[in-house]
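Q: Structural data only, the sequence is not supplied:
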């Protein structure tokens, strides 16, 4: 039976053992005993909830919360803070840093389970996000676009798609395919962090399709970095024997066997600098058109639509 994943973090082995005994029947557990170990395991395991001790040997709970909340991939993960301290200031520090709930040690096992279930349920109900990447989904994407349109704000939208992803996913299986999607999400996030603005938006439409919303003057720099970074990492998506060959052989969409080389990435970019939009459907349609044009080329490519209305 499928179990939700919980990352439990405490530097006290006895508390960690108690947490494991309390939660192991209900959840799939990942354990960490320091802040830095927790951050590494968070990225590796993509848990559904983080149960975090307030005091750790390297990073305190509130520090970890702040780091997690700044990462778009994990900014919406539910966080339950545990502490042996009862001071109001500690509760406030934890909650202001981004924790969703707070429990004192020693905790009641049944209450702990109930609190975790509640946090996950509330997060799922309130969040329009991909369970794989935790990036905002279609509702949030269209909301972001509509706000730009209504505010008459100048923006550029980058529509991103991994080429030949289906072949890779069919050949290696869903787990490897999911890793490719997560790595692509990280490339997109890193690109806006280094080449974009602090207000830039990354959304996950679904599957291997993403959207970035930025300012028109930043769009090409972001696209260039995405193409470069994706091409650099693309060979690692193949197993060593296939990497040495440079291709895999599997069925294409025509149900015939084809050779597929390292995956590439295609981006279609549109902006409202020279044309006006009144609805998100116009943006999405034109973005899909530009992306489809980019996909006609065998290499990674972006195409920026600079036509006037």
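A: Perfect, thanks for sending it. Note that this is a predicted model, so its numbers are computed, not measured.
Q: Strands of this structure, residue ranges please.
A: 5-9, 28-32, 49-53, 79-83, 101-104, 156-163, 201-206, 209-214, 247-251, 257-261, 264-271, 301-304 (DSSP state E).
Q: Can I get those in a markdown table including mean pLDDT and distance to residue 113?
A: In this view, the C-beta of every residue, glycine as well, is placed from N, C-alpha and C. Formatted as a markdown table, the strands of the chain follow (pLDDT from 0 to 100; distance: least, C-beta to C-beta, whole Å):
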| stretch | mean pLDDT | distance to residue 113 |
| --- | --- | --- |
| strand 5-9 | 95 | 10 |
| strand 28-32 | 95 | 12 |
| strand 49-53 | 94 | 11 |
| strand 79-83 | 90 | 11 |
| strand 101-104 | 86 | 11 |
| strand 156-163 | 97 | 38 |
| strand 201-206 | 92 | 30 |
| strand 209-214 | 97 | 35 |
| strand 247-251 | 93 | 44 |
| strand 257-261 | 93 | 46 |
| strand 264-271 | 97 | 42 |
| strand 301-304 | 96 | 48 |
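Q: OK, contacts around residue 294?
A: 266, 267, 268, 301, 302, 303 (C-beta atoms under 8 Å, 6 or more residues apart in numbering).
Q: Who wins on neighbours among those?
A: Top of the contacts of residue 294 by neighbour number is residue 267, holding 28 neighbours under the definition other C-beta atoms under 10 Å.
Q: was I right about that one contacting residue 224?
A: No. Counting by C-beta atoms under 8 Å, residue 267 does not reach residue 224; the two are 9.7 Å apart.
Q: Identify the contacts common to the two.
A: Common neighbours of residue 267 and residue 224 (C-beta under 8 Å, 6+ apart) are residue 302.
Q: Can you give the domain ranges for the chain?
A: What automatic domain parsing lists as the domains of the chain is 5-126, 138-304.
Q: Looking at the ones you listed, which is nearest to residue 132?
A: Shortest separation from residue 132 across these is recorded for domain 138-304, at 5.8 Å, computed as C-beta to C-beta.
Q: measure the closest one end to end?
A: Using C-alpha to C-alpha, to the nearest Å, the end-to-end distance of domain 138-304 comes out at 22 Å.
Q: right, and the pair among the contacts of residue 294 with maximum separation?
A: By the measure C-beta to C-beta, 268 and 301 form the most distant pair in the contacts of residue 294, at 9.7 Å.
Q: can you pull the contacts of residue 191?
A: Going by C-beta under 8 Å, 6+ apart, residue 191 touches 212, 222, 225, 226, 229.
Q: Are any of the residues you listed buried, and if so which?
A: Among the contacts of residue 191, those scoring as buried are 212, 222, 225, 226, 229 (criterion: 16 or more other C-beta atoms under 10 Å).
Q: Using a markdown table, please lay out the contacts of residue 294 together with distance to residue 76.
A: What follows is those, written out as a markdown table (distance: C-beta to C-beta, whole Å):
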| residue | distance to residue 76 |
| --- | --- |
| 266 | 28 |
| 267 | 25 |
| 268 | 27 |
| 301 | 32 |
| 302 | 28 |
| 303 | 32 |
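Q: Residue 148 and residue 177, how far apart?
A: Counting by C-beta to C-beta, to the nearest Å, the gap from residue 148 to residue 177 is 32 Å.
Q: how many neighbours does the residue nearest to residue 215 when sequence neighbours are not counted have?
A: Leaving aside its sequence neighbours, residue 215 sits nearest to residue 197 (C-beta to C-beta, 6 or more residues apart in numbering; 6.1 Å). When neighbours are counted by other C-beta under 10 Å, residue 197 registers 12.
Q: list the contacts for the nearest residue to residue 64 once chain neighbours are set aside?
A: Take residue 64 and drop its neighbours on the chain: the residue closest to it by C-beta to C-beta, 6+ apart is residue 35, 5.1 Å away. For residue 35, the contacting residues are 9, 56, 57, 58, 59, 60, 63, 64, by C-beta under 8 Å, 6+ apart.
Q: again with residue 288
A: 159, 268.
Q: Could you check the pLDDT of it?
A: pLDDT recorded at residue 288 is 94.
Q: so how far does stretch 288-301 reach from one end to the other?
A: The straight-line separation of the ends of stretch 288-301 (C-alpha to C-alpha) is 14 Å.
Q: Same check on stretch 234-247?
A: By C-alpha to C-alpha, one end of stretch 234-247 lies 12 Å from the other end.
Q: Give the buried residues for that stretch.
A: The neighbour-count criterion (16+ other C-beta under 10 Å) identifies 234, 237, 238, 242 as the buried residues of stretch 234-247.
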